[in-house]
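[1] Sequence first, then the predicted structure:
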Amino acid sequence: FGRGGLQLHSSSTAMSGESPEKEPKLRLIRERIRAFPDFPSSGICFRDITPLLKDPAAFSAAIDLMEDHLRKTYSQIDVIAGLDSRGFLFGPALAQRLGIGFVLIRKKGKLPGATESVSYSLEYGKAELEIQTDAVDPRQRVVIIDDLIATGGSLRAACTLLKKLNADILECLVLIELKMLEGVKKLTPFPLYSLLQYD
C-alpha cells in the first residue's frame, strides 16, 4: 500500500445493495440543510449546512454515508484531500473513520514551505489554491472532499493541483450538488459523488 494507505473491504451486506439505513439518514441530512433565497445575491438560493453541523446525529449520518460509499467503491484509498474551508469540516472525520491521512488544499498564502498553486476563475475574478509539495506521494490514491459543488471551479483546481503531484485521483466527494450549474462537467474525467442534489 501507499504511505498511510488502507485496504478497504466491503461486507457481504454492503455488496448486496444499498443499506436499508441510507434513506432515513439522507432524510435527516436533508432536513438539516436550510435554504436562504436571494443570498448572497438575487436569484441565488444559499444552502446552509450550519444546522447539520449543530446536530451530531445528522453530521454523523453524513460521515456514515460518505464512508459507506467509499468502502463499497474503492479497494484502496491512501489520502483524503479537503478544500479550504468547509472541506476541512468533513474530511478529517471521514479520514479518521477510514484510518487514513488528511491533507489541506488551502487558499493562496496560507501554507508554509514549498507549495504548488493553481489559479481558477470566479464570477468576479480569479482565485488561487495551493498544496504543500510533500502532501501526497506520487501515485497515492486520493479522494477530494468539499461541502458543495456549484460551478466546479474550485474542485477542478484541486484536481489540477493533485495531478501536479502525480496523485491518482479517485473521485471528488461532496455533501451537496447544485445540478443546475453543471459543475460536474468541469471535473471530467474525474468522477463526482454527491449525497444530496438540488435542481
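    Arrived safely, thanks for sending. Because the structure is a prediction, the values reported are computed rather than measured.

[2] any idea which helix is longest in the protein?
    helix 56-73 (DSSP state H).

[3] Distance from the chain centre to it, please.
    12 Å (Cα atoms, centre = their mean, to the nearest Å).

[4] How about stretch 93-110?
    Worked out by Cα atoms, centre = their mean, stretch 93-110 lies 10 Å from the chain centre.

[5] Mind listing residues that contact that stretch?
    With Cβ atoms under 8 Å, 6 or more residues apart in numbering as the test, stretch 93-110 has contacts from 4-6, 8, 59, 63, 66-67, 70-71, 77-84, 87-88, 91-92, 111, 117, 127-132, 135-136, 144-145, 158, 161. For the C-beta atoms, the positions are set from N, CA and C on the backbone; glycine is no exception.

[6] Please flag which of these sit within helices.
    Those of the contacts of stretch 93-110 mapping onto helices are 59, 63, 66-67, 70-71, 87-88, 91-92, 158, 161, per DSSP H.

[7] helices and strands of this structure: which one bottoms out on pLDDT?
    When each helix and strand of the chain is scored by mean pLDDT, DSSP states H and E, helix 12-15 comes last, with a mean of 32.

[8] who are the neighbours in contact with residue 132?
    So residue 132 contacts 103-104, 111-115 (Cβ under 8 Å, 6+ apart).

[9] Tell me which residue lies nearest the centroid of the chain.
    residue 145 (1.5 Å; Cα atoms, centre = their mean).

[10] Contacts only, for that one.
    Counted by Cβ under 8 Å, 6+ apart, residue 145 has contacts 66, 80-83, 87, 90-91, 94, 172-174.

[11] mind running it again at 7 Å?
    Counting by Cβ atoms under 7 Å, 6 or more residues apart in numbering, residue 145 makes contact with 80, 82, 87, 90-91, 94, 173.

[12] go on, residue 49?
    33, 147, 175.

[13] I'd like the distance between it and residue 130.
    25 Å (Cβ to Cβ, to the nearest Å).

[14] ok, now residue 178?
    25 Å.

[15] Assign residue 170 to helix, strand or coil.
    strand (DSSP: H, G, I helix; E, B strand; the rest coil).

[16] what about it, how many neighbours?
    20 (other Cβ atoms under 10 Å).

[17] thought it was touching residue 76?
    No - Residue 170 sits out of contact with residue 76 when judged by Cβ atoms under 7 Å, with a separation of 9.1 Å.
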